[in-house]
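S.K.: Here is my input; please provide its structure:
(2 chains, ligands or ions: 2)
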Amino acid sequence: MSESKKTFVITRFDPDKDEVPKTQEYEIPVHEDWKVLDAINFIKDEVDPTISHRWSCRMAVCGSCGMMVNGEPKLTCKTRLSDYGDRVIVEPLANFPVIRDLVSELDGFMEKFQAVKPWVIRAKEEAGAVSASNPPKSSKGTFVQSAAELAEFKQFSLCINCMLCYAACPVVANEPEFLGPAAIALGHRYNLDSRDQGLDERNEVFRGEGTVFSCSFANECSEVCPKNVDPAAAVNQAKFGAVIDWATSLVLPRPGASKEGGK
Amino acid sequence: MVEVSRHDIIIVGGGAAGLRAAIAAAEADPSASIALVSKVYPMRSHTVSAEGGAAGVAREDDNFEMHGQDTVKGSDFLGDQDVIQYFVEQAPKELALLENWGCPWSRNDDGSVATRAFGGMTVKRTWYAADKVGFHMLHTLFQHSMQFENIVRYDEYFVSKLLVEDGACRGVAALDIRTGDMHAIVGRAVILATGGAGKIFPFTTNGMIKTGDGMALAYRAGVPLKDMEFVQYHPTGLPGTGILITEATRGEGGHLKNSEGERFLVEYDYGVGQKAELGPRDMISRASILEMEAGRGIQGSYGEYVHLDLTHLGEEKIMSRLPMVRELCKIYAGMDPVHQPIPVRPVVHYMMGGVDTDIDGATTLPGLYAAGEVACVSLNGANRLGSNSLTECLVFGARAGLHSLEFAKGSAAGSDDGLRAQAEEEAARVDALRGRKKGGEKIAAIRHEMTSAMESGCGVFRRQESMGAAVEALVQLKGRVSDLRLEDDSKVFNTEVIAALELHNMLDVAEVVAVSAHHRKESRGAHTCRDFERRDDQNYLYHTLCYHDPSGPRLDKKDVTLGRWEPVERKY
Ligand SMILES: Cc1cc2nc3c(=O)[nH]c(=O)nc-3n(C[C@H](O)[C@H](O)[C@H](O)COP(=O)(O)OP(=O)(O)OC[C@H]3O[C@@H](n4cnc5c(N)ncnc54)[C@H](O)[C@@H]3O)c2cc1C
Ligand code: FES
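M.R.: Numbering: from 1, shown residues only, chains lettered A, B, ... in the order given. Ligands and ions are numbered 1, 2, ... in the order given. Have a look, this model is predicted:
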């Protein structure tokens, strides 16, 4: 295996010791098939064990290892080192508070995530009654869902919560309270699921301040998404849905999507 | 002073088992307060990486009897048959619940949930959501759990000790990773759902977090670990990284081939018979190694491998059923399975053994429960069938959740002061370790020596001598680990001190694996000993128990619960 050398410029920040973040450089040998994460792990194991970063699955599915690599949000376990030159700059994800070094703080993200009610909501008074909006369960206790119905929301259910889209989003940068791409895509995913009846509840969340309407359609989120979830499309559709829903609710009560629809 | 927070039950682990336990308890008693403590955010738990599917009877041509029989046979008759019976009956109900909660299971044309073939299963009974099953199950469970106000999460808290008072488990000492402060999270019952320990080996499908913490915690608290010699090697890991290529590839029709292009499971007698690629994992892993030993492996820059050929399945099927496999191959093996065979070799995947529990998830320590991969409820015996373990997390997670709640109701709460004092002692231990610059040993070096000892001693094929050597190496390493040198003295998000705590845990677990393996002088399921090539029911049809003892691991036996399926020769 051929080896070469690269220099990694890594952001260091320890709130107990540093006023502001600084950088530290490490020149290390790298293998041609390494990902960026492999290099950081090598530095941590062999050169400087005081670096803090998050990772686990190293197969692009747990969502832990998002960082800025040469200024762009990247899933580091998926990002080939061979695509970079001799100097690789690694920073914590943009648009998040930093806990330490490469570790960002997720509190706000988790709140937004929960705010969209990411669980199947069934309208209480409809439960059990069979109707178009409350499809019958099969004898096996499951809902019937066609391949087409599954395809409606499937893509938006593939988000691994890596938060790269928040780091890329120009609106999040200016309006930290903006629900943001991943959370909106998640809420929208449930809205599109034929088993769910929580549209009204979620649209209320979507219509709130600093939410779907803040999006400026920069499309950055979809460009950086490592799983091709296309959150921009979700935000777009959710925005439209929230307006339509609000407009029709003025004239027509919606069957099977009651506001009292409980948990 | 260490802060004390009180709950009714405390669940350690936010993977499938922990989340399912939390939801079961939260639903059963909305007034009960349930702590969910996890060293990573729940959606990062390694359940997320499971690809292939979850087993549960679903079709007309299937029944509980058949699922039970397959599981017993797969276990090489070391599974407890009462547990297996309960498991197969609950499995479809649990998988249907996940469906109701939004899991995007793949569907048949009529809109019912689809099932696929899996190794060792006679009928298509593995529910799947393309090849991202663990990911979807975990996210469904986590998202569903968010609606319960009585589930209180402690994200990124590392549990380093069980708090035991008056002979009962009453809480945990947990390090808040963000602040570096120790907390006492106390209550009336604790469930361990901390997952497996693949990281005691160098080449594994497991993520960085699978360090056997819960096994070590229970072991040090006097609870035996059971059947730890049985380590599952999955036949198809990518050389180098160990990233898993799911068994669903074979369920969907993929073939294993040697350097001659032969389907070796068909061409040679490896005991899998007509099942060929759908044989059980222990047998196929052995077959792959034997092919390499016979000179029919393929040499690569990360050692020898065989081929997993999907090219005849076609792009459309691969994209609809196995999209993640294609993605993983492209990123991590630089090849496209639509056009080329995938290089694969056996890789450490799953721990059949774990914390000894009964069918309710209860351990020998009152108030302490365990479920999921950390536990050994004896569903899997000597060899787990693929797709039984995700379902196991649901079935026994739920049961442990309900039983621990019952236990909690009838049990007294421990004293704040007593439990705080224990946590303070634990805080002092961690403080002494953090930034311990006087030591001479490096974490990475000891970890490396431990994993190589495990690989040479407890591989697919084992020998008495090499297992003995592994035991000795581990005893040495356990001595050296007390002299660790740590550089990072910061309290905030100090991952070095966590790595040190995990290393201690792994050494304990590794030693138990090696000692248990060394004592079993037969070949059964995943434990294949070249010095004793046959199964020996006369002398070894029992569970191995391993206790922590100041002088070293102490072994004992436990009966296997047999029943309607009598042990017979395991042939497919
Ligand atoms: C790549 C891969 C593919 C697989 N595919 C399949 C499949 O297709 N079908 C199948 O049935 N099985 C499969 N398995 C096995 C199955 O996924 C696991 O056995 C199962 O997910 C384990 O779940 P768990 O809840 O027990 O543990 P995990 O999901 O590993 O969760 C453990 C939890 O415990 C927490 N934790 C651990 N230690 C501590 C500590 N000290 N303090 C606080 N928290 C702690 C972690 O943070 C985590 O939340 C696969 C396994 C792998 C590795
Ligand atoms: S380490 Fe899991 S996504 Fe990168």
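S.K.: Quick one: residues in contact with stretch A:64-84.
M.R.: With contacts defined as CB atoms under 8 Å, 6 or more residues apart in numbering or on different chains, stretch A:64-84 is touched by A:6, A:30, A:32-40, A:53-60, A:63, A:88-94, A:102, A:104, A:162-165, A:167-168, A:224, A:226, B:40, B:44, B:331. (C-beta placed from N, C-alpha, C; glycine too.)
S.K.: change it to 7 Å
M.R.: For stretch A:64-84, contacts defined as CB atoms under 7 Å, 6 or more residues apart in numbering or on different chains pick out A:6, A:30, A:32, A:34-37, A:39-40, A:54-56, A:58-60, A:88-94, A:102, A:162-164, A:167-168, A:224, A:226, B:40, B:44, B:331.
S.K.: Stretch B:49-59 now?
M.R.: Outside stretch B:49-59, the residues that touch it by CB under 7 Å, 6+ apart are A:57, A:59, A:61-62, A:140, B:63-64, B:67, B:88, B:91-92, B:95, B:113, B:115-116, B:118, B:121, B:123-128, B:131-134, B:137, B:207, B:244, B:246-248, B:324, B:386-388, B:390-391.
S.K.: Would you map the helices across chain A?
M.R.: Using DSSP state H, the helices of chain A run over A:36-42, A:107-115, A:147-154, A:164-168, A:170-174, A:181-191, A:199-207, A:220-224, A:231-251.
S.K.: Among these, which comes closest to B:Leu310?
M.R.: helix A:147-154 (22.1 Å; CB to CB).
S.K.: distance between the closest one and the chain's centre?
M.R.: Put simply, helix A:147-154 sits 20 Å off its chain's centre (CA atoms, centre = their mean, to the nearest Å).
S.K.: what pLDDT, on average, does it get?
M.R.: On average, the pLDDT along helix A:147-154 is 95.
S.K.: now it and helix A:181-191, what's the angle there?
M.R.: Calculated by axes from the mean of the first three to the mean of the last three CA atoms, to 10 degrees, helix A:147-154 forms an angle of 160 degrees with helix A:181-191.
S.K.: Helix A:147-154 close to chain B?
M.R.: Yes: contact of helix A:147-154 with chain B (CB under 7 Å from any CB of the partner chain) involves A:147, A:150, A:154.
S.K.: buried set for that helix?
M.R.: Neighbour-count burial for helix A:147-154 flags A:149-150, A:153-154 (criterion: 16 or more other CB atoms under 10 Å in any protein chain shown).
S.K.: Then stretch A:101-110?
M.R.: Across stretch A:101-110, burial judged by 16+ other CB under 10 Å covers A:101-106, A:108-110.
S.K.: okay, those residues in CSV with pLDDT and distance to ligand 2 next?
M.R.: Shown next, in CSV, are these (pLDDT from 0 to 100; distance: CB to the nearest ligand atom, whole Å):
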residue, pLDDT, distance to ligand 2
A:Asp101, 98, 16
A:Leu102, 98, 12
A:Val103, 98, 13
A:Ser104, 98, 14
A:Glu105, 97, 18
A:Leu106, 96, 14
A:Gly108, 95, 20
A:Phe109, 96, 16
A:Met110, 97, 17
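S.K.: Of the residues you listed, which fall within the contact range of chain B?
M.R.: Within the buried residues of stretch A:101-110, those near chain B by CB under 7 Å from any CB are A:103, A:106.
S.K.: Quick one, which of the helices of chain A gets closest to B:Ile342.
M.R.: Taking CB to CB, helix A:36-42 is the member of the helices of chain A nearest to B:Ile342, at 20.8 Å.
S.K.: does chain A sit close to the top helix by length along chain B?
M.R.: Longest helix of chain B, by residue count under DSSP H: helix B:495-519. Yes: Helix B:495-519 is in contact with chain A by CB under 7 Å from any CB, via B:495-496.
S.K.: Pull out the buried residues from that helix.
M.R.: B:495-518.
S.K.: Spatially nearest residue to the residue in the stretch 151-263 of chain A that ligand 1 sits nearest to, not counting backbone neighbours?
M.R.: Closest approach between the stretch 151-263 of chain A and ligand 1, counting by CB to the nearest ligand atom: A:Asn161, at 14.1 Å. Spatially, and ignoring its direct neighbours in sequence, A:Asn161 is nearest to A:Gly63 (4.6 Å; CB to CB, 6 or more residues apart in numbering or on different chains).
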